[in-house]
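[1] test case, fold it:
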Amino acid sequence: MVVVMSPDATDEEVAHVVERVEAVGGEAFVSKGLVRTIIGLVGDIDSFHHLNLRTLPGVADVHRISDPYKLVSRQHHSERSTVWVGPAGHQVPIGPDTFTLLAGPCAVETPEQTLAAARMAQSAGATLLRGGAFKPRTSPYAFQGLGVRGLEILAATREATGLPVVTEVVDARDVAVVAEHADMLQVGTRNMANFGLLQAVGEAGKPVMLKRGMTATIEEWLMAAEYVAQRGNLDVVLCERGIRTFEPATRNTLDVSAVPVVQATSHLPVIVDPSHAAGRKDLVVPLSRAAIAVGADGVIVDVHPDPETALCDGPQALDGPALRELASVCRRLPPVLGRADAADHVRRG
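    You can find the predicted model right below:
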């Protein structure tokens, strides 16, 4: 069961609902988004019905949810959500009314490389800067990222460009330091089912990007998002980045059908990562076209000033003509589908 609070509900009214639920032996998990607070209830449904929760001050509605993922389901939230990323005065939307381009280096290598990649991203129309400071790699001998030094470089690049930062966190022990430097926390495909990490980022107070696990079903992906939401954070963006199949021609198989399926099931925004799906620069633009056409709320791509020297995923990084083509695609196609440019809807002041 889910209790939806009024937009103007006070903390005291929320606390009162929690107290009533706990008084009958139930558990209440409070999750806050930008404009809405939702309380997920666990326990005996009949006991909750006897509380007459709809009559309590500050309560807008009460829903009995059949989906296993209660807080991220559309059963209680018919309108799809917009997640705002960035500091007060410069918040970038990711949601159903706009199209958002996120771009930057897969890995932070040097201040110069990161700033150059950020400038390239900005010139292509990106409104959010992605960059990896912690890099979980298949091989223990591959570049693992600069860690905290990488976070500092990203923060400095944000100051220089004005682009809010999205970066991955791979360990629950690092959540606090990553949240201190970044505007959005990314949970990567290898950690989608790291439930301790999901709970930690849910408590961090920053928007979260949750990538689909490489072998995860859509329900498993949404249940992972539920872990974040249950810890108090409804500002979750889902990222389809390709799933592992038998086909070796690409790194992964981009599941474009996941976008409309998830949007019909969950109120959370859904973006697509064509770079990590393909693993090949020549496929990034075609897959971006497909993502936009199927209704994705944004795409996230790798760019690098010199892909041949990149320490991580150089073969999929865009530069030069490919980046200019992507910029053209992101300008022309979203308006055809009724999407505005996120850059025109940044919240300032």
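[2] test my guess that Gly295 contacts Val336.
    No - in this structure Gly295 lies outside contact range of Val336 using CB atoms under 8 Å: 11.8 Å. For glycine as for every other residue, the C-beta is placed from the backbone atoms N, C-alpha and C.
[3] pop the domain breakdown of this structure in here.
    2-63, 83-348 (automatic domain parsing).
[4] give me the sheet partners of the host helix or strand of Val3 and which way each runs.
    Secondary structure from DSSP states H and E places Val3 in strand 2-5. Paired neighbours of strand 2-5 in the sheet (DSSP bridges): strand 37-42 (antiparallel), strand 59-63 (antiparallel).
[5] now the longest one: buried residues?
    Going back to what we said before, that points to strand 37-42. For strand 37-42, the neighbour count (16 or more other CB atoms under 10 Å) marks 37-41 as buried.
[6] and the two most separated of those?
    Using CB to CB, the buried residues of strand 37-42 span at most 13.5 Å, a distance reached by Thr37 and Leu41.
[7] any stretches of the stretch 101-250 of the chain with poor pLDDT?
    Along the stretch 101-250 of the chain, the model assigns pLDDT under 70 to residues 141.
[8] nearest to Leu71, of the domains of the chain?
    domain 83-348 (3.9 Å).
[9] just checking, what packs against whatever helix or strand comes next after the strand holding Val3?
    Using DSSP H and E, the next helix or strand after strand 2-5 towards the C-terminus is helix 11-23. Counting contacts by 3 or more CB pairs under 8 Å, 6 or more residues apart in numbering; DSSP states H and E, helix 11-23 is packed against strand 2-5, strand 27-32, strand 37-42.
[10] return the backbone torsion pair for the nearest residue to Leu154 once chain neighbours are set aside.
    Spatial nearest neighbour of Leu154, excluding adjacent residues (CB to CB, 6 or more residues apart in numbering): Val165 at 4.8 Å. For Val165, the backbone dihedrals (degrees, to the nearest 10) come out as phi -110, psi 130.
[11] just to revisit the earlier point, give me the contacts around the strand holding Val3.
    13-14, 17, 36-41, 53, 58-63, 65, 70-71, 76-77 (CB atoms under 8 Å, 6 or more residues apart in numbering).
[12] got CSV for the helices and strands packed on helix 11-23, with distance to Lys211 and mean pLDDT too?
    Compiled in CSV, the helices and strands packed on helix 11-23 are given as follows (distance: least, CB to CB, whole Å; pLDDT from 0 to 100):
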stretch, distance to Lys211, mean pLDDT
strand 2-5, 26, 91
strand 27-32, 21, 88
strand 37-42, 23, 89
